[in-house]
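Undergrad: Dropping a prediction and its sequence here:
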Amino acid sequence: MVSASHPIDRVVSQVDAATEEIVGFTRDLVRIPTINPPGDQYEACASFLGDDLSRRGYDVEYIVAEGRPEHTPQHPRVNVIGARRGSSGGPVIHLNGHFDVVPPGSGWTVDPFGAVVRDGRIFGRGVCDMKAGIAAAIFAAEAIARAGVALPGVIEISGTVDEESGGFAGVAHLARVGRISNARTDFVIIPEPLDVDRVCIGHRGVYWSELTTIGRIAHGSMPFLGVSAIDAMSEVLGAVRRELQPRLAKRVTAMPVVPDGARHATININGIDGGQPVDGIQTPCVADRCRVVLDRRFLIEESFESVREELADLVARSIASSKGAEYVMRDLMIVDPVRTPDDSPLIRALEDAIQRVLGRDARRVASPGTYDHKHVARIAGVPHCVAYGPGELELAHQPDESCRIDDIVNATKVMALAVLDLMGVGR
Ligand SMILES: [Zn+2]
C-alpha cells in the first residue's frame, strides 16, 4: 500500500478529478474536422493544441512541412510540439498523436463531427483513432503537474499530420529535421487505439506495388485479333489467389500480431482499373491496359528483397501464359517491419502501470498495419517507441466510431504512471 501523499496516488486522483475536462477536451478535438485526404483544418487543430499547451506552461513550436509536395497553401501541413522542461538529468519522453482523421464515409447514425456522448462513450470520426489518445497524453502530463510532482526530465507532446496517409509531412518530417532523434529523445509513446490493456511493440512491413499489364487494342467483336490486358491481369490475380495466398497463410511470425488472421503474411488487391471506364459510353474494344495496386504485408522474418522477388516471379510466370501481353511493375511504398526490443524499459513501465491501474496483466501485441512508429525507429533512430492508448482497434475508421470514457481515463492514468516510472519518480 502507498500512502495518500505518495506521488502515484496524487497523480491518479488528479486524473479522476479531471474526467470532465478530459471528456470536454476530446470532444473539442473531434469537432475540428481534420479530414485526410485532403488534410482539412490542420492549421486550426495545430493552433488549438498549441494554445492549449502554452496555457499549461509548455514551450510551443509549430513545425511546418516545408518542401513536402502535400504541403500547399490550401492544405498546409502544420505540426505542433510542446515541451515542458523539468530539472535536468532525467529522460526526454515524447508523447505523439496524429490529429488527422479518415473521411467519415457512410452508415453513421450520429453526426460524425458532433462529438455526441452516449452510454459512457464519445462518438465521432477520429475519436478513437486517435483524438482520445491525444487528450490522454495531455492530461497524463497535466495530472502530474497538478499533483505537484517535479520531474527531472522533459515531457514533449506533439500533434502531427498525415499519419493516415503515411506520415511523411508529420512524424517523418519531425524526425528528418531532428526534432525527434536518437540524440535528444529517449522514449516515444504513440497513443494509437490498441486497447487500454495492450502495449504495441511494432508492426509488419508493407510493400505496395503497382502492376500494369499491356495488351493490344482490337475490335471487341473480334477479340482474337487483339491481346487483352484484362485477361493477362486475371492470370496474375488467379495465381495470387490460388498460389500466393495459401503460401503466405503458412508463413507465421513470432511477433504477437493481432488479430490472429494477421499473424501471417498477407496480400490484398487494393484497386483495379482496365479497359474503358465503365461509367462512360462504351465502344467495342479489347482492353490494352489494366492496372492493379497490390498491398503485401510482410513479416519481420521475411526480407524485403525476397518479398519483391517472390511477387515479381509470380507475375512473370503468369503473364508468360498470356501470349503477346507485356507488363510493368513499379514500387509505390516500402516500409520495413519494426520491433521494439523486448527488454525496453518503456515496455516494462507501461506494463507495470497497466497492472497497477487495471489490476490485470498487460498484453503485448504488434499491429497488423503500419503507423508512425516506423519513422521514429527508422528515421529518428529511437529504439524505445511503442503504441499505447485508449480505444478499441476494431472501431477505428468505422461508421459510428466511438471511445469509452472509462478507457480514456484509465489510459491517462497508465501513461502518467509510466512517465513517473521512466523519470524515476515514485517507485
Ligand atoms: Zn491512428
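TA: Cool, got the structure.
Undergrad: In this structure, which residue is most central in space?
TA: Geometric centre of the chain, nearest residue: residue 371, 3.0 Å, by C-alpha atoms, centre = their mean.
Undergrad: Tell me the residues of the stretch 101-250 of the chain that contact the ion?
TA: 129, 130, 192 (C-beta under 5 Å from the ion). Any C-beta I mention is one placed from the backbone N, CA and C, and that applies to glycine too.
Undergrad: Highest neighbour count among these?
TA: residue 130 (31 neighbours; other C-beta atoms under 10 Å).
Undergrad: Show the model's pLDDT score for the residue nearest to the centre of the chain.
TA: With respect to pLDDT, residue 371 scores 94.
Undergrad: Can you tell me, leaving aside adjacent residues, what's nearest to it?
TA: Nearest non-adjacent residue to residue 371, counting by C-beta to C-beta, 6 or more residues apart in numbering: residue 192, 5.6 Å away.
Undergrad: List the residues that contact that neighbour.
TA: Residues near residue 192 by C-beta atoms under 8 Å, 6 or more residues apart in numbering: 129, 130, 133, 200, 367, 371, 387, 388, 389, 391.
Undergrad: try 10 Å this time
TA: 96-98, 128-130, 133, 163, 200, 367, 369, 371-373, 386-391, 393, 396 (C-beta atoms under 10 Å, 6 or more residues apart in numbering).
Undergrad: same thing with residue 25?
TA: With C-beta under 10 Å, 6+ apart, residue 25 has these contacts: 18, 48-49, 52, 131-132, 134-136, 138-139, 142, 408.
Undergrad: Helix, strand or coil: sort out the closest residue to the ion within the stretch 101-250 of the chain for me.
TA: Per C-beta to the ion, residue 129 is where the stretch 101-250 of the chain lies closest to the ion, at 4.1 Å. Three-state call for residue 129 (DSSP: H, G, I helix; E, B strand; the rest coil): helix.
Undergrad: Local confidence estimate at it?
TA: At residue 129, the pLDDT recorded in the model is 97.
Undergrad: With adjacent residues omitted, what lies nearest to it?
TA: residue 396 (3.8 Å).
Undergrad: how close does the one you found get to the ion?
TA: Per C-beta to the ion, to the nearest Å, residue 396 is found 6 Å from the ion.
Undergrad: Then residue 304?
TA: 24 Å.
Undergrad: Around that residue, count how many other residues there are.
TA: 17.
Undergrad: thought it was touching residue 336?
TA: Yes. Using C-beta atoms under 10 Å, residue 304 makes contact with residue 336 at a distance of 6.4 Å.
Undergrad: Point out where this protein drops to low pLDDT.
TA: Applying pLDDT under 70 to the chain picks out residues 1-4, 427.
Undergrad: Where do the helices of it begin and end?
TA: 7-17, 19-30, 42-55, 132-146, 171-176, 229-239, 245-249, 304-320, 345-358, 373-378, 405-422 (DSSP state H).
Undergrad: Can you show me the CA trace of stretch 302-312 as CSV?
TA: The C-alpha trace of stretch 302-312 is given here as CSV (Å, rounded to 0.1, in the frame of the first residue of the first chain):
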residue,chain,number,x,y,z
GLU,A,302,10.9,-12.1,-44.4
SER,A,303,13.4,-9.9,-46.2
PHE,A,304,12.0,-7.2,-48.4
GLU,A,305,14.2,-8.4,-51.3
SER,A,306,12.7,-11.9,-51.1
VAL,A,307,9.2,-10.5,-50.9
ARG,A,308,9.6,-8.4,-54.0
GLU,A,309,11.3,-11.3,-55.9
GLU,A,310,8.5,-13.7,-55.0
LEU,A,311,5.9,-11.3,-56.4
ALA,A,312,7.9,-10.4,-59.5
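Undergrad: Identify all contacting residues around it.
TA: With C-beta under 10 Å, 6+ apart as the criterion, stretch 302-312 contacts 204-207, 209, 211, 236, 240, 244, 247-248, 251, 253, 265, 267, 294, 296-299, 329, 331, 334-337.
Undergrad: And stretch 94-107, how far out from the chain middle?
TA: Distance of stretch 94-107 from its chain centroid, counting by C-alpha atoms, centre = their mean, to the nearest Å, is 9 Å.
Undergrad: give the contact list for whichever residue of the stretch 251-400 of the chain sits closest to the ion.
TA: Closest to the ion within the stretch 251-400 of the chain is residue 371: 5.9 Å, counting by C-beta to the ion. For residue 371, the contacting residues are 98, 129-130, 163-164, 167, 171, 190, 192, 194, 200, 202-203, 335, 338, 387, by C-beta under 10 Å, 6+ apart.
Undergrad: Which ones among those residues map onto strands?
TA: Secondary structure from DSSP state E places 98, 190, 200, 202, 203, 335, 338, 387 of those in strands.
Undergrad: Can you flag the buried ones in these?
TA: The neighbour count (16 or more other C-beta atoms under 10 Å) marks 98, 190, 200, 202, 203, 335, 338, 387 as buried among the ones in strands among the contacts of residue 371.
Undergrad: Out of those, which is nearest to residue 422?
TA: residue 190 (15.2 Å; C-beta to C-beta).
Undergrad: got the contact list for the residue lying closest to that closest one once chain neighbours are set aside?
TA: Distances taken as C-beta to C-beta, 6+ apart put residue 387 closest to residue 190, at 4.6 Å, once the chain neighbours are dropped. For residue 387, the contact set (C-beta under 10 Å, 6+ apart) comprises 96, 130, 133, 188-194, 198-203, 340, 365-367, 371-373, 393.
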